[in-house]
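Undergrad: below are the sequence and a predicted model for it; my questions follow.
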Amino acid sequence: MPPSPSRTPAKPSGLDCRLAVLGSDVRLTPHRREVFEVLASSTDHPTAYDILDRVKSRSPGISLATVYNCLEHLTNAGLIKLVHLERGQSRYCANLHEHVHFHCETCGKVIDAHPVADFDPAKFWNLPAGTKVTRTDLAIHGTCAQCASKASQTHS
């Protein structure tokens, strides 16, 4: 009998790797995987409606309520971040590295901004003595380079 062909194990997804590192015991339903994969491949910090539009091509029967449930489970498990920008719809981010969000008030774009050096929020901000920072949720608002360039061209 000929030897069976060797099967290479399936490459773990970004979600599988993140779960292994975080030690999370979230039950991975197919919809949760789809929602995470959409977020992991996005750089635009989509809203739940944006995620629904992107997931529907892969899972036509998914509803907005299911997307919200998936987002809640993934957020509570620490697998994604919820991004609040004033009164707008909540957005979601799969980048778990320490960073803040830059929000262009002209076009609405949200861009990750990473610190240029080691950053300890407890030493940067004048916080009460004995404070222990567990996470930072910060948005910086202004005008992105593209919008600023367009504005300067119209005023020239």
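TA: Nice, I can see it. Numbers count the residues shown, from 1 in each chain.
Undergrad: and residue 140, how many neighbours?
TA: 10 (other Cβ atoms under 10 Å). No exception for glycine: its C-beta is placed from N, CA and C like everyone else's.
Undergrad: do the same with residue 88
TA: 12.
Undergrad: check contacts around it.
TA: residue 108 (Cβ atoms under 8 Å, 6 or more residues apart in numbering).
Undergrad: which secondary structure state does it sit in?
TA: Classification of residue 88 using DSSP: H, G, I helix; E, B strand; the rest coil returns coil.
Undergrad: check what pLDDT it gets.
TA: Note on residue 88: pLDDT of 77.
Undergrad: kindly export stretch 137-152 (C-alpha atoms) in CSV.
TA: Only the C-alpha atoms of stretch 137-152 are listed here, as CSV (Å, rounded to 0.1, in the frame of the first residue of the first chain):
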residue,chain,number,x,y,z
ASP,A,137,-9.1,55.1,24.4
LEU,A,138,-8.1,58.3,22.8
ALA,A,139,-9.2,60.0,19.6
ILE,A,140,-7.4,63.0,18.0
HIS,A,141,-9.5,65.2,15.8
GLY,A,142,-8.3,67.3,12.9
THR,A,143,-7.8,67.3,9.1
CYS,A,144,-6.0,64.5,7.3
ALA,A,145,-3.2,65.4,4.8
GLN,A,146,-5.5,64.8,1.8
CYS,A,147,-8.2,67.1,3.0
ALA,A,148,-5.7,69.7,4.1
SER,A,149,-4.1,69.6,0.7
LYS,A,150,-7.5,70.0,-1.1
ALA,A,151,-8.4,72.9,1.2
SER,A,152,-5.1,74.7,0.5
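Undergrad: in that stretch, what counts as buried?
TA: 143, 144, 147 (16 or more other Cβ atoms under 10 Å).
Undergrad: which element is residue 147 on?
TA: helix 145-154 (DSSP states H and E).
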